[in-house]
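>>> got a sequence here, can you build the structure:
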Amino acid sequence: MKKTVWLLLSALCIPFTPVLAAEPGAIQIEQPWARESPPAAANGAAYMTLVNIGRETDRLLSASGEVAETVELHTHLMENNVMKMRKVEAIEVAPGEPTALRPGGLHIMLIGLKQPLAAGQTFPLTLRFEKAGATSVQVTVRGKDAAAMPDSQPKHHQ
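Predicted structure coming up:
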């Protein structure tokens, strides 16, 4: 009995350090949109701004949805004076710094569209973050002349 009481008292003396778990809802998704696609287009892209309102850097790890056969995270890179798209493994989202997914930069690639994207329609995507977990968004399809979101520097990715 004395040993049990001593163990309990000892445990109470150990400094308590809370484990910071992912903050649900720590990532806000602003203005998710896609540009309408020509009838024969096989691919499209989704854009948005990711805002981390948490205290720790998070990473967008993947996106998924029924709108296309494959959904990947992509960026544009300049190689030998030619702009090329490349798949990225993750997109970093730092606290207090909006991360813009936009035409000509980071974006969510929709490969093998199941039907053309028509202006005015919406479709769901699920975004999976390393810390904040999965969240669903409704992407609004804008007309083919839709302007890009305000310019901002692309974030580093891994």
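>>> what ranges do the strands span in this protein?
Secondary structure of the chain (DSSP state E): strands located at 27-35, 43-52, 58-64, 68-79, 82-87, 91-93, 99-101, 107-113, 122-129, 133-142.
>>> would you turn those strands into JSON lines with mean pLDDT and mean neighbour count?
In short, each C-beta sits where N, CA and C put it, glycine included. Shown next, in JSON lines, are the strands of the chain (pLDDT from 0 to 100; neighbours: other Cβ atoms under 10 Å):
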{"stretch": "strand 27-35", "mean pLDDT": "96", "mean neighbour count": "18"}
{"stretch": "strand 43-52", "mean pLDDT": "97", "mean neighbour count": "21"}
{"stretch": "strand 58-64", "mean pLDDT": "98", "mean neighbour count": "20"}
{"stretch": "strand 68-79", "mean pLDDT": "90", "mean neighbour count": "16"}
{"stretch": "strand 82-87", "mean pLDDT": "83", "mean neighbour count": "10"}
{"stretch": "strand 91-93", "mean pLDDT": "97", "mean neighbour count": "23"}
{"stretch": "strand 99-101", "mean pLDDT": "97", "mean neighbour count": "24"}
{"stretch": "strand 107-113", "mean pLDDT": "97", "mean neighbour count": "20"}
{"stretch": "strand 122-129", "mean pLDDT": "98", "mean neighbour count": "18"}
{"stretch": "strand 133-142", "mean pLDDT": "96", "mean neighbour count": "16"}
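>>> for residue 129, see how far away the residue most central in space within the chain is.
By Cα atoms, centre = their mean, the chain has its centre lying nearest to residue 60, at 4.1 Å. Separation of residue 60 from residue 129 (Cβ to Cβ, to the nearest Å): 6 Å.
>>> which residues do these two both contact?
residue 93 (Cβ atoms under 8 Å, 6 or more residues apart in numbering).
>>> quick one: contacts for the residue lying closest to residue 85 once chain neighbours are set aside?
Take residue 85 and drop its neighbours on the chain: the residue closest to it by Cβ to Cβ, 6 or more residues apart in numbering is residue 74, 5.1 Å away. Taking Cβ under 8 Å, 6+ apart, we find residue 74 in contact with 45, 85, 86, 87, 88, 106, 107, 108, 109.
>>> let's see 6 Å
Residues in contact with residue 74 (Cβ atoms under 6 Å, 6 or more residues apart in numbering) are 85, 87, 107, 109.
>>> alright, that wraps it up for me.
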